[in-house]
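Asker: after the sequence you'll find the predicted model.
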Amino acid sequence: PDQLCPICVMASHCLILYVGLCISLGLYIARADLGLPESPNVVIFLADDFGYGDLRTYGHPTQEDNEIDRMASEGMVFRNFYAADSVCSPSRAALLTGRLPARVGIYSAVDKEVRTLQVTMPTGLSYDEVTLPEALSELGYTTGMIGKWHLGINKLNSSDGYYLPTHRFDYVGLNLPFTNELTCDESFRHLVNGPQPQSCFLYNSDVIVQQPINHENLTKKMIAQSAEFITNHKDGPFFLYFGLLQTHTVLFSSPPFQGTSKRILYGDSVNEMAWAVGETLDLLTTLGIDNRTLVLFSSDNGPHVQMCEEGGDSGVLSGGKFNYFEGGIRVPFIAWMPGSIAPSLSDEIATHMDIFPTIVELAGGELDEDRIYDGLSLTGLLFQNDSSPHDIILHYCSQYLFAARKGNLKFVYRTHEVPTQEFLQCSCPGGIRIDSLCSYDFNEGCSGEGITVHDPPLVFNLDVDPGEIWNLTGSDFTDEMAELSEYILEFEATFDLGEPALDGDMTCDVVPCCNLLNDNCVCHYEGNNFTEGGCF
């Protein structure tokens with residue numbers, strides 16, 4: 001028997017190798033049946049606070065036709081596509097992991113109203129989580145990232161960069177590890193003393209190159225870097241994640257786009273963003289790799305409607321950023337791959353979390369079996385006109401179930417208080433938000449005062465009433481409610497929460513600073529007026 005052991009071991013190794021080869025061959029045949037290239041390149045454009053109704057394609061009456069509309073005319077336009085959250089950090093974490101934000105730890109277990117990572121938080125997306133670039137790197141892809149990150153910066157001090165995207169991607173160019181928020185205002189529309197260095201900084205890779213941020217030609221610089229990355233890796237396969245800075249307030253646009261839109265500042269910003277998308281599509285075509293590159297465009301959540309004319313449009317949908325009405329979570333989604341994706345409209349239901357399993361499958365990989373994924377592959381839907389793999393989609397705010405979508409019906413269990421028309425008229429004279437005029441005390445968290453629990457849930461037929469105006473609770477939905485209740489019970493039995501990254505003490509020690517010898521932490525920025533922050 002001792003002499004047989006090496007043979008047995010060899011036989012078991014051969015069996016494992018055989019099974020692995022069969023799986024790989026099966027995936028290759030599946031891709032071949034779809035008429036897809038092996039290991040296609042992938043580019044993801046993720047806009048910031050961009051509304052469902054902000055494009056001509058999605059019905060905006062005055063936004064100019066642009067390159068994103070051109071992408072839509074050549075690709076598949078989704079009309080029932082959802083973000084995993086209605087604010088930045090949790091939504092982006094879900095897209096890059098294929099898992100609900102609370103599973104991956106981007107939430108608060110003690111019901112903080114803050115739902116996104118802040119510059120004073122020594123936390124970020126856990127390294128226990130496998131992100132899409134890491135999964136693709138294992139499959140032979142070169143991965144790159146440009147733009148907004150918002151999944152963590154420092155852990156111990158102002159410059160350790162423990163959570164920066166450089167640890168997840170092969171290449172990282174110009175990036176905002178936090179965000180382009182209102183305190184970055186250079187126009188003096190909102191800040192009389194100019195931008196605040198504490199929350200406004202631009203990195204190149206893992207080094208601060210500007211603090212605060214000068215927005216002029218910033219999009220052009222990012223496009224130059226993305227073009228260089230694509231050109232250098234045109235033989236593929238490559239993955240590029242482009243976190244567009246538009247249209248988060250503070251709004252900005254470079255000189256060539258200023259005054260180009262009927263929608264004034266917001267429309268100018270949209271036009272510049274669309275130009276960036278168009279430049280990339282044109283480059284892919286020029287390089288002859290457009291037919292083996294999947295390009296996706298979406299937004300992380302709905303528009304910041306509280307910013308009035310600077311805040312975007314939900315179209316026919318109600319609500320926006322921070323809440324779970326359709327305008328907060330239903331987002332534009334366009335898929336483009338000439339020769340493989342036919343120009344079409346899809347009313348099928350899908351989510352950002354589906355992107356991870358879809359791309360991993362297209363790349364020839366498989367999902368890890370040591371964790372639960374909330375997304376499902378959309379390859380059949382994208383390339384074979386199949387139905388959605390989802391019968392039900394659950395919408396969680398942190399660990400709380402706010403709504404469920406089943407077919408054309410939406411069941412609403414919790415709702416946020418939303419700004420009224422009277423509040424908007426008071427706080428935005430002339431269309432520009434002025435915080436000092438009206439008190440803003442709306443709860444943007446997931447529980448507590450201002451959150452209404454509905455038992456029984458509100459019911460809306462979204463085919464008839466996408467604006468969620470007419471509650472159908474009095475109608476007979478007994479069968480649907482019973483099926484949904486059983487589904488939720490089964491789901492929540494496996495809904496394991498991650499370590500909450502939004503809890504714990506905040507500290508000024510981890511706020512990025514380009515030069516600790518400079519009291520204001522100002523570097524490579526022309527200007528003398530700065531707003532003092534809480535840490536500087």
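Answerer: That came through fine.
Asker: now do Phe516 against Gln211, distance only.
Answerer: Wrong residue type there; residue 516 is Leu, not Phe. Using C-beta to C-beta, to the nearest Å, Leu516 is found at 12 Å from Gln211. C-beta coordinates here come from the backbone N, C-alpha and C atoms, glycine included.
Asker: likewise for Glu326?
Answerer: Taking C-beta to C-beta as the measure, Glu326 falls 38 Å from Gln211.
Asker: who has more neighbours out of those two?
Answerer: Each of Glu326 and Gln211 has its neighbours counted (other C-beta atoms under 10 Å); Glu326 has more, 28 against 24.
Asker: looks like the more buried one contacts Gly315 (just checking).
Answerer: No - using C-beta atoms under 8 Å, Glu326 is not in contact with Gly315; the gap is 9.4 Å.
Asker: now for Asn443, how many residues are close by?
Answerer: 14.
Asker: what's the closest non-adjacent residue to it?
Answerer: In this structure, Asn443 finds its nearest non-sequential neighbour in Gly450, 3.3 Å apart by C-beta to C-beta, 6 or more residues apart in numbering.
Asker: bridging residues for Ile349?
Answerer: Per DSSP bridges, the residues bridged to Ile349 are Asn80.
Asker: what sits against it?
Answerer: Applying C-beta atoms under 8 Å, 6 or more residues apart in numbering, we find Ile349 in contact with Asn80, Phe81, Tyr82, Ser388, His390, Ile393, Arg405.
Asker: nearest to Glu348, of those residues?
Answerer: Ser388 (3.9 Å; C-beta to C-beta).
Asker: now for the closest one, how many residues are close by?
Answerer: With other C-beta under 10 Å as criterion, Ser388 counts 19.
Asker: how about Cys184?
Answerer: For Cys184, the count of nearby residues is 28 (other C-beta under 10 Å).
Asker: same question for Pro457.
Answerer: Pro457 has 22 nearby residues by other C-beta under 10 Å.
Asker: part of a strand, is it?
Answerer: Yes - if the criterion is DSSP: H, G, I helix; E, B strand; the rest coil, then Pro457 is within a strand.
Asker: for the stretch 151-300 of the chain, just list every one of the strands.
Answerer: Assigned by DSSP state E, counting those that start in this stretch, the strands in the stretch 151-300 of the chain fall at 171-176, 202-204, 207-210, 238-243, 293-299.
Asker: switch those strands over to a markdown table; also include mean neighbour count, mean pLDDT and distance to Met76.
Answerer: Converted to a markdown table, those look like this (neighbours: other C-beta atoms under 10 Å; pLDDT from 0 to 100; distance: least, C-beta to C-beta, whole Å):
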| stretch | mean neighbour count | mean pLDDT | distance to Met76 |
| --- | --- | --- | --- |
| strand 171-176 | 22 | 98 | 28 |
| strand 202-204 | 22 | 98 | 34 |
| strand 207-210 | 16 | 96 | 37 |
| strand 238-243 | 25 | 98 | 19 |
| strand 293-299 | 25 | 98 | 10 |
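Asker: got those strands as JSON lines, with distance to Gln118 columns?
Answerer: Shown next, in JSON lines, are the strands of the stretch 151-300 of the chain (distance: least, C-beta to C-beta, whole Å):
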{"stretch": "strand 171-176", "distance to Gln118": "14"}
{"stretch": "strand 202-204", "distance to Gln118": "17"}
{"stretch": "strand 207-210", "distance to Gln118": "17"}
{"stretch": "strand 238-243", "distance to Gln118": "18"}
{"stretch": "strand 293-299", "distance to Gln118": "22"}
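Asker: which stretches of the stretch 101-250 of the chain have low pLDDT?
Answerer: For the stretch 101-250 of the chain, no stretch is flagged by pLDDT under 70.
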